[in-house]
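*Asks:* I would like to see how this sequence folds:
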Amino acid sequence: MKQIDWKMLAMTSLIFLIPLVLVAIYYGQLPEIVQTHFGIDNEANGTGSKWFTLVGTPLLALAFHIFLCVALDVTKSGRIPAVKVMKWVMPIVTTLVMTSILLVNLGNELDIRRLVVAFLAGVYLIMGNYMPKDVAGMTAPQSLSDRKKIAYLFIGGGFALLISLFFEPLVSVIVLVGFTALAIIWSICVGAKGYKVTNK
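*Replies:* Predicted structure coming up:
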């Protein structure tokens, strides 16, 4: 169990307390059925029970986060810089989503589309920055080269999403779908290349 980064696990897990504390403070002011999902036009198109949405969901996310972090550390994947960054994503996403839902259901107006797109852009830029960083003894030169190329794709996608904030919501959707498609195609190409190399 020495390979598990307990300090990182504790710090990231504590972030889940933020939405839970906020919910505990404002729980009595919230309706029993809360708005949980919003379209690109900021109109609510999904609802859920107050308790499960704002209490049950963060607790389930916390349990999954702990399992995922332990699994990554046991397999030594947790040492990769990009993976270390990813360990922060779920706690931060959960906190932002739960806080946004809380604020909206308390009567505040938020531009959900811009919040989501800006956050995704930030994640892509950070991951793109950390992907090329090597971990001694874990990354072959060829795979490091492939990671540098996919890093450029993530950085480009991040900047494209930021620019889309100045246009209609549909532009953000097109950019996001296009980036996802390119990332999938690139992953398939890299996987196929690796398969050919190992079967020579």
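*Asks:* end-to-end on stretch 159-178?
*Replies:* Stretch 159-178 has an end-to-end distance of 13 Å (criterion: CA to CA, to the nearest Å).
*Asks:* what distance separates it from the middle of the whole chain?
*Replies:* Mean-position distance between stretch 159-178 and its chain equals 17 Å (CA atoms, centre = their mean, to the nearest Å).
*Asks:* could you do stretch 158-178 as well?
*Replies:* On CA atoms, centre = their mean, the centre of stretch 158-178 falls 17 Å from that of its chain.
*Asks:* mean confidence score for that stretch?
*Replies:* Mean pLDDT, computed over stretch 158-178, is 90.
*Asks:* first-to-last residue distance for it?
*Replies:* Counting by CA to CA, you get 12 Å between the two ends of stretch 158-178.
*Asks:* for that stretch, buried residues please.
*Replies:* 158, 160-162, 164, 169, 171-172, 175-176 (16 or more other CB atoms under 10 Å). Every C-beta, even on glycine, is put in place using the N, C-alpha and C of the backbone.
*Asks:* which one of those sits closest to Thr12?
*Replies:* Gly158 (21.7 Å; CB to CB).
*Asks:* dump the buried residues of stretch 158-178 into JSON lines; add secondary structure and distance to Val104 as well.
*Replies:* Below are the buried residues of stretch 158-178 laid out as JSON lines (DSSP: H, G, I helix; E, B strand; the rest coil; distance: CB to CB, whole Å):
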{"residue": "Gly158", "secondary structure": "helix", "distance to Val104": "26"}
{"residue": "Ala160", "secondary structure": "helix", "distance to Val104": "27"}
{"residue": "Leu161", "secondary structure": "helix", "distance to Val104": "22"}
{"residue": "Leu162", "secondary structure": "helix", "distance to Val104": "23"}
{"residue": "Ser164", "secondary structure": "helix", "distance to Val104": "22"}
{"residue": "Pro169", "secondary structure": "helix", "distance to Val104": "17"}
{"residue": "Val171", "secondary structure": "helix", "distance to Val104": "23"}
{"residue": "Ser172", "secondary structure": "helix", "distance to Val104": "19"}
{"residue": "Val175", "secondary structure": "helix", "distance to Val104": "24"}
{"residue": "Leu176", "secondary structure": "helix", "distance to Val104": "22"}
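*Asks:* what's the most distant pair in those residues?
*Replies:* Farthest apart among the buried residues of stretch 158-178 by CB to CB are Gly158 and Pro169. That separation is 18.0 Å.
*Asks:* around the closest residue in space to Ile112 that isn't next to it in sequence, count how many other residues there are.
*Replies:* By the measure of CB to CB, 6 or more residues apart in numbering, the closest residue to Ile112 outside its immediate chain neighbours is Phe38, 4.5 Å from it. Neighbours of Phe38 under the rule other CB atoms under 10 Å: 20.
*Asks:* distance check, Phe38 against Leu176.
*Replies:* Phe38 sits 15 Å away from Leu176, taking CB to CB, to the nearest Å as the criterion.
*Asks:* for Ile40, helix, strand, or coil?
*Replies:* Three-state assignment for Ile40 (DSSP: H, G, I helix; E, B strand; the rest coil): coil.
*Asks:* no further queries at this time; thank you.
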